[in-house]
Each structure stands twice: as structure tokens, then as C-alpha cells.
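The following block contains a protein sequence and its predicted model.
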Amino acid sequence: MIDQSKVIFVQILDMERYDGIYDKHGHKVDDYAHAGGSWPDEGKFEQFNFRNIEGKCLGYLPPYSKVDLKRINPREVKLDQHKKKYLDHVLIVFTTSVKNQGRYICGFYVNARLFESPIDNKLEERKLNNGQFAQFSAIVHAQNAYLLNRSERVMRIENGRKKIGGFGQSNMWYADQNLEYRKELIQYIEKVIEEKK
């Protein structure tokens, strides 16, 4: 069940599987397209957003992963044992851009834990080709992480110029200025979940 009071939309790198661009030998293993911006795609942390690590997916929300949790739901922000602020039961919707076609939903986490700021780690499964370890901003049970195949990425997200309260220039969209549009998008996501059962 989706908690409609806690929703965020996030623009990420365009990939097929989000399970890493390279294997341990340095060979490309994922079909991906350049996402724009000055940071090389190979170093972008969201490339692991749908990698199953011991039954969990760890997601990164670019850029720099600073999330306004109070804007999502001010009453339910909590602190963990490391004094990190977080929200539970968040719907995180990932979008990606298709050249000359617009922005589309490519996957989502249901009932995720979302942190205000990124978490450092030394997980080998999140090690980049350059030796860095990809930070993460969200944790979800793998069975609640839904990745759409390219052919299934059909729900277009309108931008703010075409629809009042639509996705703007930022990589994060809180969808809190047009609740009817947000409800329409959540209903689509619920339909996808039902079809994948």
C-alpha cells in the first residue's frame, strides 16, 4: 500500500538495469545513455539504484542527495542512531529523460526509508570503477523496488511549463503544488504494481 502523503520524484541517469555500468574487469555491462551535466556518467552513484544487495536496494538521489524531508511530511521525520534524519514509508519515483521526447518514469521504491543527506559506506557492491564507493540516500526491500524495462517506460512526466505544479529544472520534484496530478501519477504506479503481482 502506498502512503500518498510521502512522495518524491527524482531525475536520474538513463540506464537499462541500474546494476552498475562496469563489471569488476572494467567491461561495460549496462546499456546507458548520457544523462547530461558535467559529472561523468561512470561516476554517478545512481547507477546502482536497483542492485540487490542482500535483499535490499540502496538508492541515490542526485544531485548531492540533500532532501527536504519536512516538505514531504514534517510530522514524521525521525533520527536514527547516527543522528541522521529520515522518513519511512516513502514512495520514491525515479524518472529519466529520453532525448527529444521528455521525462518518463523508469522505476520506483515503495515503502522506502529516505534520508535527508547521503550515507557513506564501504560496500564492495557499490564500488565504482575509480575506486570510490557510491553513497546512498534511500533503503528499500528488493521486493518493493520496481524497475521498468525500456518498453514499459511510457508514463511521461509533464514539466512545469506545460502543467502547473509539474516537474521543474531541479532533479527533485516534491509534487506538492498540484495534488490532482500527483494522484494521477500515483494511480498509474498502483496499476503497475498490480500488473506485476
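Here it is on my side, so go on.

didn't M172 look like it was pressed against F9?
Yes - contact criterion C-beta atoms under 8 Å: M172 and F9 qualify, at 7.2 Å. No exception for glycine: its C-beta is placed from N, CA and C like everyone else's.

In three-state terms, how would the residue in the chain sticking out farthest from the centre be classified?
Most distant from the centre of the chain: H25, at 26.8 Å, with distances by C-alpha atoms, centre = their mean. Counting by DSSP: H, G, I helix; E, B strand; the rest coil, the backbone at H25 sits in coil.

returning to what we had before: neighbour-wise, which of M172 and F9 wins?
For M172 and F9, the more surrounded residue by other C-beta atoms under 10 Å is F9, and the numbers stand at 21 against 18.

check contacts around that one.
Residues near F9 by C-beta atoms under 8 Å, 6 or more residues apart in numbering: 93-95, 157, 167, 172-175, 185.

Just the residues contacting stretch 10-21, thanks.
With C-beta under 8 Å, 6+ apart, stretch 10-21 has contacts from 28-35, 41-42, 44, 46-51, 60-62, 92-98, 103, 106-107, 129, 147, 149-150, 167, 171-173.

Please convert the buried members of those residues into ChimeraX selection syntax.
Buried members of these, identified by 16 or more other C-beta atoms under 10 Å, are gathered into one ChimeraX selection as follows:
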select :32,35,41,44,46,47,48,49,50,51,60,61,62,92,93,94,95,96,97,103,106,107,147,167,171,172,173
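
can you tell me the average pLDDT over stretch 141-158?
Regarding stretch 141-158, the rounded mean pLDDT is 95.

Give the buried residues for it.
145-148, 152-153, 155, 157-158.

Quick one: residues in contact with that stretch.
Residues outside stretch 141-158 that contact it (C-beta under 8 Å, 6+ apart): 9, 16-18, 50, 52, 55-57, 95-96, 98, 101-112, 166-167, 173, 181, 185, 188, 192-193, 196.

Relative to E152, how far out is I139?
According to C-beta to C-beta, to the nearest Å, I139 stands 24 Å off from E152.

looking at the protein, which helix or strand is least sure?
strand 32-33 (a mean of 68; mean pLDDT, DSSP states H and E).

Out of the contacts of F9, list just those in strands.
Under the assignment DSSP state E, the contacts of F9 contribute 93-95, 157, 172-173 to strands.

ok, which pair from those residues is furthest apart?
Using C-beta to C-beta, the two most remote members of the ones in strands among the contacts of F9 are I157 and M172, lying 12.5 Å apart.

For beta bridges, what are the partners of the spatially most central residue of the chain?
Nearest to the mean C-alpha position of the chain, by C-alpha atoms, centre = their mean, lies F94 at 3.9 Å. Beta-bridge pairing of F94 under DSSP bridges involves V10, G107.

For V29, which non-adjacent residue is closest in space?
Once flanking residues are discounted, V29 sits nearest to D23: 4.9 Å by C-beta to C-beta, 6 or more residues apart in numbering.
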